[in-house]
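# From the sequence below, what's the structure:
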Amino acid sequence: MLARRHFLTFAAALPGLAAKVTERRVKVETAFRSPGPKPNGLQATSDGLWILDQGDNHAYLVSYDTGKVLRDLATDSKAGSGITFDGEALWLASTYSREIIHCDARTGKTIARFPSPGSGVVAWTTSRTSPLAPPPKPNAGAPKGPPPNRQPTGAHGLEWRSGKLWISNPPSQRIYRVDPKSFAMEKELPTAGNRPHGIGWEGDALWCTESNDNAFYKFNIETGAYSEKIQLADTDPLPHGMTIWKGWMWYCDDVGVVCKFRL
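Residues are numbered from 1 along each chain as shown. You can find the predicted model right below:
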């Protein structure tokens, strides 16, 4: 259980806390098609761009220039939504098994599994969909089981920084910092909206994707406040996974495209 002092770390940072918030628009470029059908997690590295696909549960390492596949790993993730690299191995957010999976970056073989913090049912009942998505098919009959947004899920975005794992979680609407060795939670802060997804570092600031807002928010991790918002146009691909590399923010839409724009 998280110690009380850790719950209080960001006690002053209530949802939506912000000082002066600068909002800006950007010009989004579609970089390439993803090798998998439903890209959901991104992580930039010096070797290339990692993509975790929610459709086939593969982790792909691709080139930044063309999207050429450099490595293709089958993983044990279940509808994975987040991926990061610790310099030696990969960490995956396995959304529907509500786990964080530590796996080999060469083979995809699972090294260890941990329970995803903040798992549960999301607050929203209607989620924003991509402008690139095909129109929904008519219902052929009564659905089996609860709709996808009523099923318990876990973490989405992952980032590695200074030996710690940072995790964004939609059900709890929180970003967590955990010790990857003990998996003890050390910090948490509330997100700006109800559907946080990809996270990425710009210096000491942490950007967090908000898929239902079609936007990104820049957080001060010491105060929990956000100071900047990047608002996408309604016609831009919908953001899911996100990462930052050499002044560019990269993000993916789970309809199969990888995009980027200048920060």
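# From here on, just use CA atoms for contacts and neighbour counts.
Fine.
# So which bits of stretch 256-263 are buried?
For stretch 256-263, the neighbour count (16 or more other C-alpha atoms under 10 Å) marks Gly256, Val257, Val258, Cys259, Lys260, Phe261 as buried.
# Output these as CSV; include the columns pLDDT.
Shown next, in CSV, are these (pLDDT from 0 to 100):
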residue, pLDDT
Gly256, 97
Val257, 98
Val258, 98
Cys259, 98
Lys260, 98
Phe261, 98
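# In strands, which of those residues fall?
Per DSSP state E, strands hold the following members of those: Val257, Val258, Cys259, Lys260, Phe261.
# now, the most widely separated pair of the buried residues of stretch 256-263?
Pairwise distances across these peak at 17.2 Å for Gly256 and Phe261 (criterion: C-alpha to C-alpha).
# Give the buried residues for stretch 173-182.
Applying 16+ other C-alpha under 10 Å to stretch 173-182 flags Gln173, Arg174, Ile175, Tyr176, Arg177, Val178, Pro180 as buried.
# Kindly apply the preceding question to stretch 42-51 instead.
Neighbour-count burial for stretch 42-51 flags Leu42, Gln43, Ala44, Thr45, Gly48, Leu49, Trp50, Ile51 (criterion: 16+ other C-alpha under 10 Å).
# ok, and what's touching that stretch?
Under the criterion C-alpha atoms under 8 Å, 6 or more residues apart in numbering, residues 39-41, 52, 59-64, 82-85, 159, 198, 241-245, 250-252 lie in contact with stretch 42-51.
# do stretch 56-72 as well
Taking contacts as C-alpha under 8 Å, 6+ apart, the residues outside stretch 56-72 that touch it are 31-38, 47-53, 73-80, 108.
# Next step: the residues you listed restricted to strands.
Ala31, Phe32, Arg33, Gly48, Leu49, Trp50, Ile51, Leu52, Asp53, Leu73, Ala74, Gly80.
# In space, what's closest to the first one - neighbours in sequence excluded?
Leaving aside its chain neighbours, Ala31 sits nearest to Cys259 (5.0 Å; criterion: C-alpha to C-alpha, 6 or more residues apart in numbering).
# Does that neighbour touch Thr30 like I think?
Yes. If you go by C-alpha atoms under 8 Å, Cys259 and Thr30 touch, sitting 4.3 Å apart.
# partners of Arg71 in the sheet?
As for beta bridges, Arg71 partners with Leu61 under DSSP bridges.
# Next, work out how far apart it and Trp50 are.
9 Å (C-alpha to C-alpha, to the nearest Å).
# How far away from the center of its chain is stretch 170-190?
Stretch 170-190 has its average C-alpha position 14 Å from the chain's average C-alpha position, going by C-alpha atoms, centre = their mean, to the nearest Å.
# Report the rounded mean pLDDT for that stretch.
Averaging pLDDT along stretch 170-190 yields 97.
# quick one: the residue nearest to Ala31 from Ala192, how far?
22 Å.
# Also Glu88?
Distance of Glu88 to Ala192, given as C-alpha to C-alpha: 32 Å.
# Where does the prediction get shaky in the stretch 1-150 of the chain?
1-19, 139-149 (pLDDT under 70).
# now with 90?
Counting by pLDDT under 90, the ranges of the stretch 1-150 of the chain that qualify are 1-20, 125-126, 134-150.
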